[in-house]
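J.: for reference, the sequence and a predicted model appear below.
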Amino acid sequence: MMAATIDELIALVEQNRDAVVGDLFPVREAAPRLIEASVYHPVICLILQGSKETTSHAGSVRLGRGDMLVVSHDTPVTARITGVPYLALILPIDLERVRTLEQSLTSADAGQAASVLQATVAGSAILETLARLLAIRPKTPEDSVLTPLLLTELHFHLLRSPAGAMLRRLVSPSSHESRIARVAALIRRDYARVHRLADLAREAGMGQSAFHHHFKAVTGTTPLQFQKDIRLSEALRLLEQGAVSVTEAGLSVGYESPAQFSRDFSRRFGRPPRRVLQGIAAE
């Protein structure tokens, strides 16, 4: 069978428009824009049309047609849609599938370090599997039987792609990346709580110095800054909804001082939080 092309994937997406197949869903943007308040979970993003730039503390990646971004850990990011019309396919990474498949594959590259963001060109096997997945109509017998099998196949090809080493490290219980990912997910879930470095290091099974070093090596930032970025991203999201005041937004994400919240917010987003509310009121 000939491998599917990007144009064929676009046609399949357009046939079903906003259909979600096995957690695979399309994202569209008609105009360039900056997306500031994002916290990515482990995910695959395949660009079908347009282009984007994604930035975390670990660095920036630029993506165009046919490029695939693999995000290995929970991480705050800034995304900028630079080329339109923009169309991408998003699929959350199922770490249990990865863990099961990894046991059947050789791990000769397990010593390679993992990166939070990794960009690669989508291979023909991944494109072909995606095409077969997109061709399935939701809520049909084919969907219930074939979709889980195709999602497993897709994760298999992902493990054999250039991003495979990163994912193997992520699901290896003894790796630094796996332990840091567990702590990052904990901070992500409980971002409003005060987390002591000693407690986080204990959760990772490391000494404080080693934990701080490995956390920064994997995420590109410190545990404190990581939590602060997640708090501020959540606060921006709340303010953009227009349902809370500046003080309420700060308190809800864990800040005790409104003044400190405003300072940190202004440094992170280049404008004070009240300006977000003023912009909403002016619309």
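T.: Arrived safely, thanks for sending.

J.: now do the helix or strand hosting residue 264, average pLDDT.
T.: Assigned by DSSP states H and E, residue 264 belongs to helix 258-269. Average pLDDT, helix 258-269: 96.

J.: which stretches of the stretch 51-200 of the chain form helices?
T.: Listed in chain order, the helices of the stretch 51-200 of the chain (DSSP state H, counting those that start in this stretch) span 95-102, 124-134, 141-159, 164-171, 176-189, 197-204.

J.: among the ones you listed, which is nearest residue 64?
T.: Closest approach to residue 64 among those is made by helix 124-134 (15.3 Å; CB to CB). Heads up, the C-betas are built off the backbone N, CA and C, glycines and all.

J.: local confidence estimate at the residue nearest the centre of the chain?
T.: Residue closest to the mean C-alpha point of the chain, counted by CA atoms, centre = their mean, is residue 40 at 2.7 Å. We have a pLDDT of 87 for residue 40.

J.: would you mark the buried spots in stretch 27-46?
T.: 29, 36, 37, 40, 42, 44, 45, 46 (16 or more other CB atoms under 10 Å).

J.: what is the end-to-end distance of that stretch?
T.: 10 Å (CA to CA, to the nearest Å).

J.: how far off centre is that stretch?
T.: 9 Å (CA atoms, centre = their mean, to the nearest Å).

J.: hang on, the earlier thing: list of residues touching the helix holding residue 264?
T.: 36, 228-229, 232, 235-236, 246-247, 249-251, 255, 272-274 (CB atoms under 8 Å, 6 or more residues apart in numbering).

J.: repeat the analysis, applying 6 Å as the threshold.
T.: Applying CB atoms under 6 Å, 6 or more residues apart in numbering, the contact partners of helix 258-269 are 36, 232, 247, 250, 255, 272, 273.

J.: quick revisit: touching, the residue nearest to the centre of the chain and residue 71? I think so.
T.: Yes: with contacts counted by CB atoms under 6 Å, residue 40 reaches residue 71, the gap being 4.6 Å.

J.: what helix or strand is residue 26 located in?
T.: Residue 26 belongs to strand 25-29 when elements are defined using DSSP H and E.

J.: and if you look at residue 44?
T.: strand 43-56.

J.: and the angle for that strand with helix 124-134?
T.: 120 degrees (axes from the mean of the first three to the mean of the last three CA atoms, to 10 degrees).

J.: so which elements touch strand 43-56?
T.: Here strand 43-56 touches helix 6-16, strand 59-63, strand 67-71, strand 75-92, going by 3 or more CB pairs under 6 Å, 6 or more residues apart in numbering; DSSP states H and E.

J.: avg pLDDT for stretch 231-247?
T.: On average, stretch 231-247 scores 93.

J.: just stretch 59-76 next, same as before
T.: 92.

J.: can you check stretch 91-105 too?
T.: Stretch 91-105 comes out at a mean pLDDT of 87.

J.: any idea how far the helix holding residue 264 is from the chain center?
T.: 24 Å.

J.: tell me what angle the next helix or strand after it forms with helix 258-269.
T.: Reading on from helix 258-269 to the C-terminus, the next helix or strand found by DSSP H and E is helix 273-282. Interaxial angle, helix 273-282 versus helix 258-269 (the same axes, to 10 degrees): 70 degrees.
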